[in-house]
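Colleague: my questions are about this predicted structure, shown below with the sequence.
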Amino acid sequence: MSKLDPIREKLKARREAWRKLHLRDLFAKDQQRFQNFSARLGDLVVDYSKNLIEITDLKLLHDLAKAAEVESWRDRLFAGEHINTTEDRAVLHVALRAKGGAFTDRGSDVLSGIRAVQERMRAFAEQVRDGTWRGATGKPIRRVINIGIGGSDLGPKMVTAALRPYRHSRLDMHFVSNVDLAHLDQALKGAEADETLFIISSKTFTTQETMANAMSAKAWFSERIPDPAAIAKHFVAVSTNTKGVSAFGIDTANMFEFWDWVGGRYSLWSAIGLPILISVGWENFRALLDGAADMDQHFRTAPIPENLPVILGLLGVWYIDFWDAQSHAVLPYAQDLQLLPSYLQQLDMESNGKSVARNGKPAEMPTAPVVWGEPGTNGQHAFHQLLHQGTPLIPADFIVVAKGQTGLGGKATDAHQGLLVANALAQTQALMLGREAAEVEAEMKAAGADAATLARVVPFRVFSGNRPSTTMLMPSLTPWHLGALIALYEHKIFVQGVIWGINSFDQWGVELGKKLATDILAGTGATRDASTAGLMALYDGMKNSK
Ligand SMILES: O=P(O)(O)OC[C@H]1O[C@H](O)[C@H](O)[C@@H](O)[C@@H]1O
């Protein structure tokens, strides 16, 4: 029996008690509910009062965190212990953004290496930005194409998109991840070889898709500029694999290094962030790191009841383990955060999408949810129907930014932003309050509806309410706020991994498919089962048909 079990039993009982509770009543009863159930880091405010919790529930959840030793696991992470046991690695992405302090792996300092690479990245990015980095024909770079996948794509792509107003106007940023050649084709459309910089980003420098895209990019480039010496001006690499980079034909002088203690999905703070740095410049990149560093410090020092990542982690555990929630919606009310949900899909689902605990036994409780979402208000006109009236319980994060960043300025920005924020708040209110039959009836009667119409329509216009949401509010989407927000999710996911007793930092689940794809390419894979054999035969026919 786990020492968490007695607390879990109490939480189960509380979940039963909730069958008679409604958030509408709790808000009516407690004028302080917002103050009691919100926390902040600086001006990043997290309002979790519209969640299905009372003080009793929160206290039990805090007990759960304590019993799972969240604080000691957190300290082990920051101390550089090899908590990624299956790969025997430290988990030190926090060192990449640290403002100072001491971070070691196997007793050696890691900060000096981080600073040295940051200096090289900064110098290189500065040259690309100010135009002193010249291409093969002496022109400055206009297009940057990052070739990478998973963690070597999603983080830099999401952040570069989110920091749109901070981007360098001459530099057009593209991200190619899919091995479908259509993706590279799109990025190369209209590109001039002598004005294009390719960043080949791969921790391992063996990832099939990235290597295939990098080879094709090199072939495209060499067709246009056959001089082998030109490669050094147009191709740089970001990797932990020096040999692989040299073998590919990139001068290691043009390689930006990182280390095995940086997990792919936690790597945007490392040299993998080079496209971000090139696009927004050092000051803004450093502000992004600072936001994350400040969240790290908060995570390290804030007591559990005020600790944002712990609070969010516990709320997720509450819904997944005790309310049978299977998904979690991320709804940024900021178009520039449109890629945040897909970024968080990898962060959360690749970290905690596991069913074997650290001790090699089956996990005791359900683990990571399906993470999904779209920017508001778009989602309201698509899937919010299900959030409001569907059968599953879907906790949702609403990310709200007070000031818009359109650059159009003036009244238009204010008017649009007013609409956007009103919609975000209205959604959380509607989910929480719901709408009872009596209210619907009264409104319809006042509008002149007869008894037959009421009978036909009222049940369909009822909203149960009592549907949980968390609102994260910030003044504007600055690099600092974005850094803090990403680190908040990183640590939330870590807290959940600790409570579920799983290692959030390996990803064995992605291996089998890679191996089988290799077998299928080699022609040995189709013999394993009739479905694959049948599909292969059809595929062979289709690809050869005229
Ligand atoms: O950076 P790379 O070594 O090319 O890896 C790219 C990605 O592919 C792997 O399969 C993992 O699932 C990801 O965690 C990783 O980010």
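Modeller: That came through, no problem. This structure is a prediction, so every number in the text was calculated from the model and none was measured. Numbering: from 1, shown residues only.
Colleague: tell me if the longest helix anywhere in the chain is near the ligand.
Modeller: The residue-count maximum for a helix in the chain (DSSP state H) belongs to helix 274-301. No. If you take Cβ under 6 Å from any ligand atom as the test, helix 274-301 misses the ligand, and the best it gets is 13.0 Å. In this view, the C-beta of every residue, glycine as well, is placed from N, C-alpha and C.
Colleague: in that helix, what counts as buried?
Modeller: Buried residues in helix 274-301, counted by 16 or more other Cβ atoms under 10 Å: 274-281, 284-300.
Colleague: just stretch 401-416 next, same as before
Modeller: Of all the residues in stretch 401-416, those buried under the rule 16+ other Cβ under 10 Å are 401, 404-405.
Colleague: follow-up on the earlier one: what does the helix or strand following the longest helix of the chain rub up against?
Modeller: Later in the chain than helix 274-301, the nearest helix or strand by DSSP states H and E is helix 308-317. For helix 308-317, contacts defined as Cβ atoms under 8 Å, 6 or more residues apart in numbering pick out 39-41, 46, 48, 51, 53, 58, 61-62, 64-65, 70, 295, 298-299, 302, 304-305, 328, 365, 369, 395, 468, 470, 488-496, 499-500.
Colleague: now whichever helix or strand comes after helix 308-317, how far from the chain's geometric center?
Modeller: Remark: after helix 308-317, the chain's next helix or strand is strand 327-333, criterion DSSP H and E. Mean-position distance between strand 327-333 and its chain equals 11 Å (Cα atoms, centre = their mean, to the nearest Å).
Colleague: what pairs with strand 327-333, and is each one parallel or antiparallel?
Modeller: Applying DSSP bridges, strand 327-333 is found paired with strand 370-372 (parallel), strand 396-401 (parallel).
Colleague: what would those look like in a markdown table with distance to Thr524 and mean pLDDT?
Modeller: Listed next are those as a markdown table, based on distance: least, Cβ to Cβ, whole Å; pLDDT from 0 to 100:
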| stretch | distance to Thr524 | mean pLDDT |
| --- | --- | --- |
| strand 370-372 | 33 | 98 |
| strand 396-401 | 45 | 98 |
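Colleague: give me whichever of the ones you listed is most buried.
Modeller: Each of the strands paired with strand 327-333 was scored by mean neighbour count; the highest is strand 396-401, a mean of 23, by mean count of other Cβ atoms under 10 Å.
Colleague: restrict that one to CA atoms and write it as CSV.
Modeller: Extracted C-alpha coordinates of strand 396-401, given in CSV (Å, rounded to 0.1, in the frame of the first residue of the first chain):
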residue,chain,number,x,y,z
ALA,A,396,-9.5,24.4,-19.2
ASP,A,397,-6.8,27.0,-18.9
PHE,A,398,-7.7,30.4,-20.1
ILE,A,399,-4.6,32.5,-20.8
VAL,A,400,-5.6,36.2,-20.9
VAL,A,401,-3.4,39.1,-21.9
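Colleague: show me what the strand or helix carrying Leu387 is packed against.
Modeller: Using DSSP H and E, Leu387 sits in helix 384-389. Judged by 3 or more Cβ pairs under 8 Å, 6 or more residues apart in numbering; DSSP states H and E, the packing partners of helix 384-389 are helix 410-433.
Colleague: give me the residues contacting the helix or strand following the helix it packs on.
Modeller: With elements assigned by DSSP H and E, the helix or strand that comes after helix 410-433 is helix 437-446. Here helix 437-446 makes contact (Cβ under 8 Å, 6+ apart) with 453-454, 457-459, 461-462.
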